[in-house]
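**Student:** sequence first, then the predicted structure:
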Amino acid sequence: MAKGSLRINEISNAANVLLNVIFILLSFLCIYPILLVIGTSFAEETYLNVVGYKAFPKVISLDAYKYVLSNAKPITNAYIVTIITTLTGTVLSTLMIALYAYAIVQQGFKYRRFFTFFIFFTMLFNGGIVPWYIVCTQVLKIQNTLIALVWPYLINAWYVMVMKTFYNTTVPSAIIEAAKIDGASELKTFFRIVFPIAIPGLATIALFMTLRYWNDWYLPFMLTSDPKLSNIQMYLKRILNNLQELLNSSSAAMQAGSMLAVVPREGARMAICALAVGPIVLAYPFFQRFFVKGLTIGSVKG
Amino acid sequence: MVKTVVKQLKDKAIEIKKKKSFFKDLHDNREYLLMIVPGVLQLILFNYLPLFGLILAFKTVDYSKGFFNMDWNGFKNFEFLFKNPDVFTVLRNTLGYNLIFIVTGAIVPVAVAVGLSLLKNKTGARAYQSFMFLPYFLSWIIVSYLVFGIFDYRLGIFNNIISGVFGREAVNWYQSPRYWPTILVLLHIWKTFGYNSIIYFAAIMGIDSELYEAASIDGAGVWKQVLVITIPSIKPVIVMLAILAVGKILNADFGMFYNVPMGSGALMPVTNVLDTFVYNALKINGDIAMATAAGFFQSVVGFVLVLVTNHIVNRIDSAQALF
Amino acid sequence: MSFKRVVSVLLFAAMVITFAGCGGKTGSEKPYQIDWYFVGDPQLDVKEVQDKVNEYVKDEINISLELHPLDWSGIREKINIMAAGGEKFDITFTDLNNYHALAAKNAFLPLGRLLDQHGRGIKEALGEHFLEGSRIKGENYAIPVNKEKGHHYGILYQADIAEKHGLTEQIESIKSLEDLYPVLEIIKEKEPDLYPFQSVKGCDDTYMLDFEIVAYPAAFYADSKDGKVVNFVDTPEFLEAAKKIRERYEKGYLAQGGSLNQSSSKFFIRSYALKPGKDVEMSAKTNWKQVDLTKPRMQFRDTMGAMLAISKTSEKPELVMKFLNKAYTDPYLINLIVYGIEGKHYTKIDENKVKMVENSGYDYSTARWQFCNVFNQYLLENDDPKKNDNLIEYNERLAVSEYLGFNPDTTSIKTQMGACLNVQAEFEQQIADGVEDAEVLVKKYREKLRLAGADDIVNEIQRQYNEWAGK
């Protein structure tokens, strides 16, 4: 199948230009704030107070980064923890979600309605933090382990639902049936035939799970007290949070005057943001490779 | 041809299965069951087991008594949600914003995804996608400071334009509630559209290209193709995400509503939503029973609404329903 | 490799992850582990310091100390969840923000008997009044850190800028905020990048009235003895104070459009709650100087500013109390915990002053106010050498509130309090900002509080007070 040569689905040049203009404007609206964050993180503080946030500050200072990065060892450690948990978490959870969603779209699966509802229900009802915490720490006893930073997020009802819809819309049941008639087992069908077709959907889920693990501070916050298990978000949140608390609550500020005095300035807040976001921004182009059109069916049929 | 044969075979198979015993069923479904076992275990441990905590919504907290022996107190923990002068405002804000978000969340990302899929220059499309995704990474705290940079009375960009360029009197944004519903809605769209359009874009990429080929052979233009192929193909995704959003209709985006107004009380009539209300109400006494009660209330309302919505969708087009 | 094999390997991996955690570690060694939670950042050399602590106290108290630094939200949320989950911990920092909530729900141990038996040193160090303030129904559920025992209000001003315009003398001599107006006028003109004044929320004119707030908005008048509970927002004094803030706004001294979360160095003068040496403490980046305005008082919030509680889930509370008693009374021990090991983490400048070694791997000097007894701790390089003497003198001249020890049970009015706290969130910053006309704003504020059930709160607190005072 030759893509492009058929010139299907192509718009006129004028429309293309117009669309490009719209997207350039939208992109600008999304890039400029990031530039503001980066610019401000490098701005000198008194200058900042006078002129406000600037994408390209005229008076530059590295103080914010010096403050945030003053301890190299724990930061490196935190990045390592984040990378390990993000990688394992993404692979395992994408697999778990893909399999669960695949099973519940199969007409042949007798309990599919039950298990659809079974997972959907968890989207709406939860018992609250405390019983969850009790299960994690007293039943499973995973506190202060690396496992605690991966396990609790492995399945996600929302993404199972999204994946389920992807299968429904993109994987024609005829192919599956055909494969089965050839005598392939369900698992074999899944990996040989469904998997390649569903790649855009799977890549979406994998991307979202990557972000979920990367952006997470909640699991280390709740389930670890060992600083060695602190990930990068937890590390940065701690700094940011102390700053926020001292700004908002005067009673804390009154007790903790000395803490307040050394707390980072506005630039540091932006530096924290840049450090938290920086590496993961590259994840998107990586996953983008899989959003390719036309990895379809012809190959299977042929 | 093959399709109908397969269907007949399958129907027959289902019929035969019905007569067999439960264990036979399990055996027949073993491959599917094996596929969902890890997920089911996970759900039982982290979602179903903790559900026992819901009883807390009806109890008086006393840590010395242990979880199950605390005294029952009926619906007392729910009272604070309703017996307050803000109840109307808070519910109106929560429902109002979420309804708008459901609509904008269906329109904007779909339009963006379709637009991207139509672009001729593929590298451009890739770059735009990456850029539009960026706002998702900024935490609401950071966003709130950027918004402040725009609307600050003295140094804000807007007031500089208003008074500097147009010579009009500066607007006191943080004291003027009437602007904020618009600001918050635009902000919410801005922060989420890139992220959400990925789902739709991936769905569009998954559409069988033969459908387009067939349509173009039939003489359908590009815009016609969008209307008769693209949109109908991703409609299930749109409908499903909308139904799921209905389930969360009482859960407001706390990060946004708490951080973006910068604690300006004058804005509270249009920014106080259920989650911020509960946060303010419980920040001193930290009563986990009242927090549980609030969550339970949100869940029940969401659950009922989802069932109703799903039922209606089922009536109109059963293929689109969730279950 | 067949697909089945691949899949089974992968599924197996998922299962391993699923079950790997179930083992857990059990078995207790001889020394009892004391888990101590407080606000701070993790330190690399913590093990080394803990070992040294254990070694030092071993002959008297056989423990192994485990320090758990949390961030602020950790101390607010996680302790609550741990208590609810019945998790074992021993000592935690607590303050006005969660002390009542946790004590009332029995998360903390009552300490009266333990203090009598094993905490005599603590009682001696703190004195009777100070312990009285945090008593709930006659019982202490936490021990305050021994430091300043009261507060007063005043201002902090940027000394360098005052010096530049020759205003220092004029500022130092003020008796009230009105006396500042000529100064603010000059700053407004000559320093266009600065806001002349900020009424900091919680330290503005309405707070300078020093109402003793029992359960917002129920309060006693400062220095009153009659036991009359009022809604402090409803008082004429409150309205007068709000009008003064508004007047300053109209004169252009306050941030136009509200001060919001702007950084403190944008303001020339800020109203603030003070203690001796507050200005030095605040001056790491901006050079602040303080001027005291109101009378120093010991109200119950001062007795609960920073406390240490023993958890209900502690397995050996006697041992924990013995350890705390030592930490309150033994300078070597508390300095070890706060500053680490001499020569490695800090060096001595003289008898009583130390200098922290930068990035040495251990430094809780910014968290020192949470550690037991400030008077036994070394001073830091920048501290006023007379800091401790000043504090002792200050503590002696405080006007002690009549109502110390009255800590009501708010369970029956929790609905009304929830509603009122939302009203507070709406109006308090607006009052401090002065953007709206004070008369109109206060009227709205009062009306909304009334609707939220403020009267119920006042009546219930009054009832409980009468009961308590009758005893």
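**Tutor:** Perfect, I can see it now. Numbers count the residues shown, from 1 in each chain, chains lettered A, B, ... in the order given.

**Student:** wait, B:Ala127 touches A:Ser27, no?
**Tutor:** Yes - judged on C-beta atoms under 8 Å, B:Ala127 makes contact with A:Ser27 at a distance of 7.4 Å. Every C-beta, even on glycine, is put in place using the N, C-alpha and C of the backbone.

**Student:** how near is the residue nearest to C:Leu449 when sequence neighbours are not counted to C:Gly453?
**Tutor:** In this structure, C:Leu449 finds its nearest non-sequential neighbour in C:Val423, 5.3 Å apart by C-beta to C-beta, 6 or more residues apart in numbering or on different chains. Distance from C:Val423 to C:Gly453, counting by C-beta to C-beta, to the nearest Å: 10 Å.

**Student:** more neighbours, the two?
**Tutor:** Each of C:Val423 and C:Gly453 has its neighbours counted (other C-beta atoms under 10 Å in any protein chain shown); C:Val423 has more, 29 against 22.

**Student:** and that one, helix, strand or coil?
**Tutor:** Assigned with DSSP: H, G, I helix; E, B strand; the rest coil, C:Val423 falls in the helix class.

**Student:** got the contact list for the residue nearest to C:Leu449?
**Tutor:** Going by C-beta atoms under 8 Å, 6 or more residues apart in numbering or on different chains, C:Val423 touches B:Pro85, B:Asp86, C:Tyr445, C:Lys448, C:Leu449, C:Ala452.

**Student:** the first one: how many residues sit nearby?
**Tutor:** So the one you mean is B:Pro85. 18.

**Student:** for it, which residues are in contact?
**Tutor:** Counted by C-beta under 8 Å, 6+ apart, B:Pro85 has contacts C:Ala419, C:Val423, C:Lys448, C:Leu451, C:Ala452.

**Student:** please apply the same query to the last one.
**Tutor:** For C:Ala452, the contacting residues are B:Asn84, B:Pro85, C:Gln416, C:Ala419, C:Cys420, C:Asn422, C:Val423, by C-beta under 8 Å, 6+ apart.

**Student:** next, count neighbours for the closest residue in space to it that isn't next to it in sequence.
**Tutor:** Excluding the flanking residues, the one nearest C:Ala452 by C-beta to C-beta, 6+ apart is C:Ala419, at 3.7 Å. Residues lying near C:Ala419 (other C-beta under 10 Å) number 29.

**Student:** in this structure C:Ala419 contacts B:Phe80, no?
**Tutor:** Yes - C:Ala419 is within contact range of B:Phe80, at 6.8 Å (criterion: C-beta under 8 Å).

**Student:** shared neighbours, those two?
**Tutor:** Contacts common to C:Ala419 and B:Phe80, judged by C-beta under 8 Å, 6+ apart, are B:Ala281.

**Student:** how about C:Gly166, phi and psi?
**Tutor:** Here is the backbone geometry of C:Gly166 (degrees, to the nearest 10): phi 60, psi 40.

**Student:** for the chain, which residues score under the pLDDT cut-off?
**Tutor:** Picking chain A for this. Chain A contains residues with pLDDT under 70 at A:1-9, A:243-265, A:292-302.

**Student:** switch to chain C, please.
**Tutor:** In chain C, residues with pLDDT under 70: C:1-29, C:261, C:471.

**Student:** many thanks, we can stop here.
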